[in-house]
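S.K.: Below: sequence and its predicted model.
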Amino acid sequence: MEKKSKIYVAGHRGMVGSALVRALEKQGFTNLVTRTSSELDLRDQQAVARFFAEEQPDYVFLAAAKVGGILANNTYRAEFLYDNLMMEANVIHQAYVQGVKKLLFLGSSCIYPKLAPQPLREDALLTGLLEPTNEPYAIAKIAGIKLCEAYRDQYGCNFISVMPTNLYGYGDNYDLQGSHVLPALIRKFHEAKVEGKPQVEVWGTGSPKREFLFADDLADACLHLMENYNERELVNIGSGEDLSIRELVSLVATVIGYEGEVKWNTDKPDGTPRKLMDVSKLHGLGWKHTIELPEGIQLAYQDFLQHYEQYAL
């Protein structure tokens, strides 16, 4: 990418998209194109076609998606499948139609089978059944990967796919009805501390293991791959390190300074037993994460405190 290349970041207001914009600006890219969802509904085929015809971007980062945790994924199954299918299909097709030089599609680690061997290798895709609670989202993301592969195979498009692990960071979603585990824990423990609550309820048994990556690290990895990777096969992006939810809860409580009791609600689902990414391909391409989890949680918590009033509305 040239510093003046026109770069479209789809989903720039989300946690990942905003991290991509920060990373691009930090590296001196000046010609960035963005649209809010109210300005451009990516589910609208004609609107997306007009946008690409008018803007003619050189490069595209496709970070726009309808996302959420276990509860949201399992409740709004049709929306998660339809919205994500439409967004990615419209953007990927118009990137082909308008001759975009390169597109990077962001998937999710939930594309892998629920019981795939750990750590999750890229070639585990489509080798088993998916986790039922987020199957619609996973199917949509798998479709996006296959679209990128198909447009490469049939039309020679340089479209690549990356699979991030669980993400957290600046501008995360702290709505307890739709958030992922780490931001939900930050909010729960903060409110319990402020309100002097003697205990905090946490879903599940605490036994599942999860890997986490700070969103700004992900953005840095995406730029690295946009510059250095041009192959058909998807690439995992993660830290290559995981911990149990029980360990995560202890870490978040320590960072926030909550000293009460944790009550485990074992009537609630655990989700996938383990999701650790094999990042040997990524490391072989010359990239490794720099923000460790304790530091990242501190950074995320400070960001949460700065915006807490809006989360509490």
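M.R.: Looks like it came in fine.

S.K.: so what does the helix or strand harbouring residue 142 touch, helix or strand wise?
M.R.: Per DSSP states H and E: residue 142 is located in helix 135-155. For helix 135-155, the contact count by 3 or more C-beta pairs under 8 Å, 6 or more residues apart in numbering; DSSP states H and E identifies helix 77-97, strand 102-106, strand 159-164 as packing neighbours. (C-beta placed from N, C-alpha, C; glycine too.)

S.K.: What residues of that helix count as buried?
M.R.: For helix 135-155, burial by neighbour count (16 or more other C-beta atoms under 10 Å) applies to 135-145, 147-149, 151-152.

S.K.: between the helices and strands packed on helix 135-155, which gets nearest to residue 261?
M.R.: Residue 261 sits nearest to strand 159-164 of all those, at 33.2 Å, using C-beta to C-beta.

S.K.: Report the rounded mean pLDDT for that closest one.
M.R.: For strand 159-164, mean pLDDT rounds to 98.

S.K.: gap between it and the chain center?
M.R.: Chain-centre distance of strand 159-164: 11 Å, with C-alpha atoms, centre = their mean, to the nearest Å.

S.K.: What pairs with that strand, parallel or antiparallel?
M.R.: The strands beside strand 159-164 in its sheet (DSSP bridges) come out as strand 102-106 (parallel), strand 235-237 (parallel).

S.K.: Can you say which of those is nearest to residue 264?
M.R.: Nearest of the strands paired with strand 159-164 (C-beta to C-beta): strand 235-237, 30.0 Å.

S.K.: before we move on, back to that, which of the strands paired with strand 159-164 is buried the deepest?
M.R.: strand 235-237 (a mean of 25; mean count of other C-beta atoms under 10 Å).

S.K.: what's the average pLDDT for that strand?
M.R.: Per-region confidence: strand 235-237 scores 98 on mean pLDDT.

S.K.: ok, for residue 143, nearest residue in space, not its chain neighbours?
M.R.: Closest residue to residue 143 apart from its sequence neighbours, by C-beta to C-beta, 6 or more residues apart in numbering: residue 85 at 5.9 Å.

S.K.: Might you report the residue contacts of residue 251?
M.R.: Contact partners of residue 251, counting by C-beta atoms under 8 Å, 6 or more residues apart in numbering, are 243, 293, 294, 297.

S.K.: now it: how far from residue 78?
M.R.: 36 Å (C-beta to C-beta, to the nearest Å).

S.K.: Check residue 126 too.
M.R.: As for residue 126, its distance to residue 78 is 22 Å (criterion: C-beta to C-beta).

S.K.: Look at those two and report which has more neighbours.
M.R.: residue 126 (12 against 8; other C-beta atoms under 10 Å).

S.K.: what residues are up against the closest residue to residue 149 other than its chain neighbours?
M.R.: Closest residue in space to residue 149, ignoring its immediate chain neighbours: residue 232 at 5.8 Å, by C-beta to C-beta, 6+ apart. Listed by C-beta under 8 Å, 6+ apart, the contact set of residue 232 reads 149, 152, 153.

S.K.: ok so, going back, so which of the strands paired with strand 159-164 gets nearest residue 68?
M.R.: Nearest to residue 68 among these is strand 102-106 (15.5 Å), distances taken as C-beta to C-beta.

S.K.: List the contacts of that closest one.
M.R.: Residues from elsewhere that reach strand 102-106 (C-beta under 8 Å, 6+ apart): 1, 16, 58-63, 65, 88, 91-92, 95, 144-145, 147-148, 157-162, 164, 222, 225-226, 230.

S.K.: Just the buried ones from those, in ChimeraX syntax?
M.R.: Selection of buried members from the contacts of strand 102-106 for ChimeraX, criterion 16+ other C-beta under 10 Å:
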select :1,16,58,59,60,61,62,63,65,88,91,92,95,144,145,147,148,157,158,159,160,161,162,164,222,225,226
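
S.K.: if we can go back for a sec, pipe the strands paired with strand 159-164 into TSV and attach distance to residue 273 per row.
M.R.: Below are the strands paired with strand 159-164 laid out as TSV (distance: least, C-beta to C-beta, whole Å):
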stretch	distance to residue 273
strand 102-106	24
strand 235-237	18
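
S.K.: about what we covered before: per-residue confidence for the residue nearest to residue 143?
M.R.: Predicted confidence (pLDDT) for residue 85: 98.
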